[in-house]
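Undergrad: Sequence and computational prediction follow.
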Amino acid sequence: MAGPVVLITGASGIAAATARVAAKAGASVFVVSRSSEKTGELCAELTRSGATAEAAVADVSREADVESAVSQCWQRFGRINALFNVAGISGSRWGDGPVHECTPAGWDTVMTVNARGTFLMCRQVIARMLSQKAEADGTRGAVLNMSSILGIRPMPEYFRTHAYAASRGAVISLSLAMAGTYAPHGIRVNAIAPGLTDTKMAGRATEDPTILEAMKRKQPLTGGILSPEEVAEAAWFFLSPASRAVTGQILHVDGGWSVTG
């Protein structure tokens, strides 16, 4: 096996786009998703392109599932060079909303998948990274966690899911704390905060003409909605050896959202 081993949670949208970028760069890709259909389709696509791709079906919010999935990756490849935590949910359908309207069930559901899921996956992968031999450049691994521009720069006129924003903010805090702890061990931890991206999770927003028009102002660099590929290219920098001197950073891939009025 010549290339690095990259574990990615999720099998569509940004996760799938990043898996393709990683495979093209020569990485072996291990996909973890709760959808066996999407996982199988993505792995088959990557394999047809000549890449090494395997997968495990798991719910990232369940400890036993996460432990099993990471163990399968470890047993197959013997190491994990990079982890990209992408799998997550939006909150509306579960009862998320402004704090005075958000239901406790909505809050718990969103936090369980987005924050707890990230924690559980990091917990299992970091433990293995600490045990594996350092590369020639002294690094043991890279972790990239998925946040959102909504966890940093709210836009309340259109996006009012406070549990979702809080879950993405929690991911940022976790990433920074991890970065400081594991840097001496040669493990880098960063987070990426995309703007509104054309994924299934953002379906409600990307089908709303009013929001689409607003995004032309808010994300002027891309003329509106970002593509998953634009986020994936940025993600790959953090997952690859090219960023070996970078940790504790939160990258806004937002088409200009964070600096527009």
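TA: Thanks, I have the structure now. Bear in mind the structure is a predicted one, so any value in this text is a computation, not a measurement.
Undergrad: Return the helix or strand in this protein with minimum mean pLDDT.
TA: helix 203-206 (a mean of 84; mean pLDDT, DSSP states H and E).
Undergrad: now could you export just the CA positions of that one as CSV?
TA: Taking C-alpha atoms only, helix 203-206 is exported to CSV below (Å, rounded to 0.1, in the frame of the first residue of the first chain):
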residue,chain,number,x,y,z
GLY,A,203,-31.8,20.5,0.4
ARG,A,204,-34.5,22.8,2.0
ALA,A,205,-32.2,25.9,1.6
THR,A,206,-30.9,25.1,-1.8
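Undergrad: Next, the residues that contact the next helix or strand after it from outside, please.
TA: For helix 203-206, the succeeding helix or strand toward the C-terminus, using DSSP states H and E, is helix 209-218. Applying Cβ atoms under 8 Å, 6 or more residues apart in numbering, the contact partners of helix 209-218 are 155, 157-158, 195-196, 205-206, 223-225, 255-257, 260. For glycine as for every other residue, the C-beta is placed from the backbone atoms N, C-alpha and C.
Undergrad: May I see the buried residues of helix 209-218?
TA: 211, 214-215, 218 (16 or more other Cβ atoms under 10 Å).
Undergrad: Just send those residues back as JSON lines, with pLDDT and distance to residue 191 too.
TA: Converted to JSON lines, the buried residues of helix 209-218 look like this (pLDDT from 0 to 100; distance: Cβ to Cβ, whole Å):
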{"residue": "211", "pLDDT": "95", "distance to residue 191": "24"}
{"residue": "214", "pLDDT": "95", "distance to residue 191": "25"}
{"residue": "215", "pLDDT": "96", "distance to residue 191": "22"}
{"residue": "218", "pLDDT": "96", "distance to residue 191": "21"}
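Undergrad: ranges for the strands of the stretch 51-200 of the chain?
TA: 53-57, 82-85, 141-146, 187-194 (DSSP state E, counting those that start in this stretch).
Undergrad: taking those together, which one is wrapped up most tightly?
TA: strand 82-85 (a mean of 28; mean count of other Cβ atoms under 10 Å).
Undergrad: who does that one touch, helix- and strand-wise?
TA: strand 5-9, helix 117-131, strand 141-146, helix 228-239 (3 or more Cβ pairs under 8 Å, 6 or more residues apart in numbering; DSSP states H and E).
Undergrad: The same query, at a cut-off of 10 Å, please.
TA: Applying 3 or more Cβ pairs under 10 Å, 6 or more residues apart in numbering; DSSP states H and E, we find strand 82-85 packed against strand 5-9, helix 13-24, strand 28-33, helix 117-131, strand 141-146, helix 162-182, strand 187-194, helix 228-239.
Undergrad: Now do the same for it: mean pLDDT, whole number.
TA: Strand 82-85 comes out with an average pLDDT of 98.
Undergrad: partner strands of that strand, parallel or antiparallel?
TA: strand 5-9 (parallel), strand 141-146 (parallel) (DSSP bridges).
Undergrad: can these go into CSV with extra columns for distance to residue 232 and mean pLDDT?
TA: CSV is the format used below for the strands paired with strand 82-85 (distance: least, Cβ to Cβ, whole Å; pLDDT from 0 to 100):
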stretch, distance to residue 232, mean pLDDT
strand 5-9, 10, 98
strand 141-146, 11, 98
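Undergrad: Nearest to residue 186 among these would be which one?
TA: strand 141-146 (7.6 Å; Cβ to Cβ).
Undergrad: when you compare where that closest one runs with where strand 187-194 runs, what's the angle?
TA: For strand 141-146 against strand 187-194, the angle by axes from the mean of the first three to the mean of the last three Cα atoms, to 10 degrees is 20 degrees.
Undergrad: Brilliant, that's me finished.
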